[in-house]
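Asks: For reference, the sequence and a predicted model appear below.
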Amino acid sequence: MKNSMKKVGLVCAAMLAAMFAFSPRAVAQNSDKDKDAKNDKPAEKCDAAATKEEVSTTDHTIRMGGQTIPYKATASTTLLKNDKGDATGLLYSVAYTRSDVKDLSTRPISFLYNGGPGSATMWLHMGAFGPRRVQTVDGQFTPPAPYKLVDNTESLLDKTDLVFIDAMGTGYSHAVCKAQDKDFYGIDEDVEAFAQFIVTYLSRNSRWNSPKFLIGESYGTFRSAALGNYLQNHDTVHLNGIVLISSVLDLATLSFAPGDDRPYLFYLPSYAAVAWYHKVLKDRPADLPGFIDEARKYAQGEYAAALYKGADLSADEKAAVAKKLARFTGLSEDYLIKADLRVTLSQFRVELQRSSRLTTGRIDARFTGYTYDLLEENAQGDPEGPAVGGAYTALINTYNQEELKFGRDKIYHNTSGGNGDWKWTRQQNGPRRFFPGAPNVEGDLAQAMITNPRLLVQVENGYFDFATPFFATEYTMTHLGLPDALQKNIKEDYYSAGHMMYLHDEDRVALHGQIAGFIERATKP
């Protein structure tokens, strides 16, 4: 039996990792000095120069699906204000709008963002849906510069105009005047900033009558649930659809909290998928989806029943469970018994390929990196971040400056570094509970769908995503408490890749196809 205090410490560390690191942003972060300078700056002089919006518009074309699409790229900052009318921040965005559209009511508009919280939106922008894409090595470390920027034939520009938004403190977005970046670091504060930006954009660009979509990844899905509800009920901006890429709406499903066995159940099918991918199973089946379905059924059946027994589980029963878990996970029965049948994500990632001295990735478990200390019980870092981070950092700066003609004298921040300041408590917006629980926006999504019964939701899941496991998402989507008619408005898709399924070439094509079809369905009369 492990030392109890040590186990509690590891659980707490796992909880913090789950809450503060949804997106793959362990690369190119600001230094502590930079963070302090941004969050504890003296009050800035609030004059025209400090609050001036900037804009750069350029014209381009892209060849997609046998057609040439002309479009305008508008890189700009938008001024945000508080309820008193005081300037609080400048939010950076890049909008791509098709140039040859005469009737804007026929052209959908989509607002896109990554998560973190505290991640810039360069990943969806430069990896998935923007017209230009960073080319990386699939599932492996991308060698250092020179990197390659290519036209993205899987951009969504063939179906919708696109507005990529960098959250406050990321990209070129920053607080102004008396405000500080950390004033925006909170669930509700973040939502209100994004909502103000979207309403401002709709007005300035005559897009109120265009079909509207939210597309978020990771914590961006958490944001989308709350933002969609806020837009519809606060601003009366009704949406056509919400796309949740690598979704989490209930942070308790990721947290491995003491006494809560659910995360162990939710992660088992992902453990099985990753063990299958890395060929560490003794009798590796040929059919991955079939194997995953077996793991689902075992997790919600025998495994759930065994964990529910807790200390009442007999030694023979425990041995039987360990044997079946070994088949699904590739871990030894001895290790599983010592772990009390409960292996946290951080433990699994370092144990799975320990014999090969490799640590398995978290954001995308297809990636591996060398393990420095073979005696470590928990994974030290995520090899996916360094594998692609250098390329994205170099090319987002190159692209902004050379093609969008913006930011040559500015620093583009990949992350805000503000996770530690993030406010997870919320304003009261539902039934009052005596004790606060883990942050959860399931109720926001449910309310948004009840307010607007034509709102469609599409969920994109990666089999090898350890940051937001697909089985937990499935559980969430079937426990929203919706009427049957609205439950049918939710659709889930699956990919043989990780959190950023667009890093895998085949899945990037499939992702485009699924979302393009979704936009078509959601804009039908």
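Replies: Done, it's in. A quick note: this is a predicted structure, and the numbers were derived from the prediction, not measured. Numbers count the residues shown, from 1 in each chain.
Asks: wait, what's in contact with residue 82?
Replies: Residue 82 sits next to 88, 179 when contact means Cβ atoms under 8 Å, 6 or more residues apart in numbering. Yep, even glycine has a C-beta here, placed from its N, CA and C like the rest.
Asks: give me that answer again for 6 Å
Replies: residue 88 (Cβ atoms under 6 Å, 6 or more residues apart in numbering).
Asks: Then residue 243?
Replies: By Cβ under 6 Å, 6+ apart, the neighbours of residue 243 are 215, 458, 515.
Asks: List the beta-bridge partners for the second one.
Replies: Beta-bridge pairing for residue 458 (DSSP bridges): residue 243, residue 491.
Asks: next one: the one 4 residues further on
Replies: Using DSSP bridges, the bridge partners assigned to residue 462 are residue 495.
Asks: and it, how many neighbours does it have?
Replies: 32 (other Cβ atoms under 10 Å).
Asks: what's the distance between it and residue 81?
Replies: Using Cβ to Cβ, to the nearest Å, one gets 39 Å for the distance from residue 462 to residue 81.
Asks: so where does the closest residue to residue 78 other than its chain neighbours fall, helix or strand?
Replies: In this structure, residue 78 finds its nearest non-sequential neighbour in residue 91, 5.0 Å apart by Cβ to Cβ, 6 or more residues apart in numbering. Per DSSP states H and E: residue 91 is located in strand 87-98.
Asks: Packing partners of that strand?
Replies: Applying 3 or more Cβ pairs under 6 Å, 6 or more residues apart in numbering; DSSP states H and E, we find strand 87-98 packed against strand 67-81, strand 161-165.
Asks: Could you list the paired strands of that strand along with their orientation?
Replies: With DSSP bridges as the test, strand 87-98 is paired with strand 67-81 (antiparallel), strand 161-165 (antiparallel), strand 174-175 (antiparallel).
Asks: And those: which comes nearest residue 320?
Replies: Of all the strands paired with strand 87-98, strand 161-165 sits nearest to residue 320, with 50.9 Å by Cβ to Cβ.
Asks: In CSV, could you pull the C-alpha coordinates for that closest one?
Replies: In CSV, the C-alpha atoms belonging to strand 161-165 read as follows (Å, rounded to 0.1, in the frame of the first residue of the first chain):
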residue,chain,number,x,y,z
ASP,A,161,-16.1,33.2,-42.6
LEU,A,162,-13.7,32.8,-39.6
VAL,A,163,-12.8,35.0,-36.7
PHE,A,164,-9.9,33.7,-34.5
ILE,A,165,-9.8,35.4,-31.1
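Asks: which residues touch that strand?
Replies: By Cβ under 6 Å, 6+ apart, the surrounding residues in contact with strand 161-165 are 93, 94, 95, 96, 97, 109, 110, 111, 112, 113, 121, 125.
Asks: go on, stretch 352-369?
Replies: Residues from elsewhere that reach stretch 352-369 (Cβ under 6 Å, 6+ apart): 24, 139, 274, 349-350, 371, 379, 382-384, 387, 464, 466-467, 498-499.
Asks: Cross the residues you listed against helices and list the overlap.
Replies: Counting by DSSP state H, the part of the contacts of stretch 352-369 found in helices is 274, 349, 350, 384, 387.
Asks: thinking again about what came up before, quick check: the two most widely separated of the contacts of stretch 352-369?
Replies: Maximum distance among these (Cβ to Cβ): 21.1 Å, for 371 and 499.
Asks: who has more neighbours, these two?
Replies: Remark: of residue 371 and residue 499, residue 499 carries more neighbours, 28 against 21, as counted by other Cβ under 10 Å.
Asks: dump the residue contacts of that one.
Replies: For residue 499, the contacting residues are 246, 363, 364, 462, 465, 467, by Cβ under 6 Å, 6+ apart.
Asks: Residue 300: which of the residues you listed is nearest?
Replies: residue 465 (19.3 Å).
Asks: re earlier: kindly reformat the contacts of residue 243 as CSV containing distance to residue 330 and neighbour count.
Replies: Shown next, in CSV, are the contacts of residue 243 (distance: Cβ to Cβ, whole Å; neighbours: other Cβ atoms under 10 Å):
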residue, distance to residue 330, neighbour count
215, 35, 29
458, 32, 23
515, 33, 25
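Asks: Low-confidence stretches in the stretch 301-450 of the chain?
Replies: Scanning the stretch 301-450 of the chain with the threshold set as pLDDT under 70 gives 418, 428-435.
Asks: May I have the beta-bridge partners of the spatially most central residue of the chain?
Replies: The centre of the chain sits closest to residue 218, judged by Cα atoms, centre = their mean, with a distance of 1.5 Å. On the basis of DSSP bridges, residue 218 is bridged to residue 247.
Asks: Verify the stated contact: it with residue 116.
Replies: No - in this structure, residue 218 is not within contact of residue 116 by Cβ atoms under 6 Å, at 7.4 Å.
Asks: and residue 55, how many neighbours?
Replies: Residue 55 sits with 10 neighbouring residues when counted by other Cβ under 10 Å.
Asks: what's the spacing between it and residue 350?
Replies: On the measure of Cβ to Cβ, residue 55 and residue 350 end up 48 Å apart.
Asks: how close does residue 282 sit to residue 235?
Replies: From residue 282 to residue 235 the distance is 56 Å (Cβ to Cβ).
Asks: Looking at these two, which is more packed in?
Replies: Neighbours per residue (other Cβ under 10 Å) separate residue 282 from residue 235, with residue 235 holding more: 13 against 7.
Asks: Give me the pLDDT for the more buried one.
Replies: For residue 235, the model assigns a pLDDT of 97.
Asks: How much space separates it from residue 492?
Replies: Counting by Cβ to Cβ - residue 235 and residue 492 are separated by 28 Å.
Asks: could the contacts of residue 499 go into TSV alongside distance to residue 64?
Replies: Listed next are the contacts of residue 499 as TSV, based on distance: Cβ to Cβ, whole Å:
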residue	distance to residue 64
246	25
363	28
364	26
462	24
465	27
467	30
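Asks: of the residues you listed, buried ones?
Replies: Buried by 16 or more other Cβ atoms under 10 Å: 246, 363, 364, 462, 465, 467, out of the contacts of residue 499.
Asks: ranges for the helices of the stretch 401-525 of the chain?
Replies: 442-451, 470-477, 484-487, 505-522 (DSSP state H, counting those that start in this stretch).
Asks: Which one, of those, ends up nearest to residue 393?
Replies: Of all the helices of the stretch 401-525 of the chain, it is helix 505-522 that lies closest to residue 393, at 20.0 Å by Cβ to Cβ.
Asks: which of the residues in the closest one are buried?
Replies: Under 16+ other Cβ under 10 Å, the buried positions of helix 505-522 are 507, 508, 510, 511, 512, 514, 515, 516, 518, 519, 522.
Asks: Output these as TSV; include the columns distance to residue 446 and pLDDT.
Replies: Output for the buried residues of helix 505-522, formatted as TSV (distance: Cβ to Cβ, whole Å; pLDDT from 0 to 100):
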residue	distance to residue 446	pLDDT
507	29	98
508	31	98
510	28	98
511	25	98
512	28	98
514	23	98
515	22	98
516	26	98
518	20	98
519	23	98
522	18	98
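Asks: which ones are touching the residue nearest to residue 81 when sequence neighbours are not counted?
Replies: Excluding its sequence neighbours, the residue lying closest to residue 81 (Cβ to Cβ, 6+ apart) is residue 87, at 5.7 Å. Going by Cβ under 6 Å, 6+ apart, residue 87 touches 51, 79, 81, 176, 177.
Asks: Done for today, thanks.
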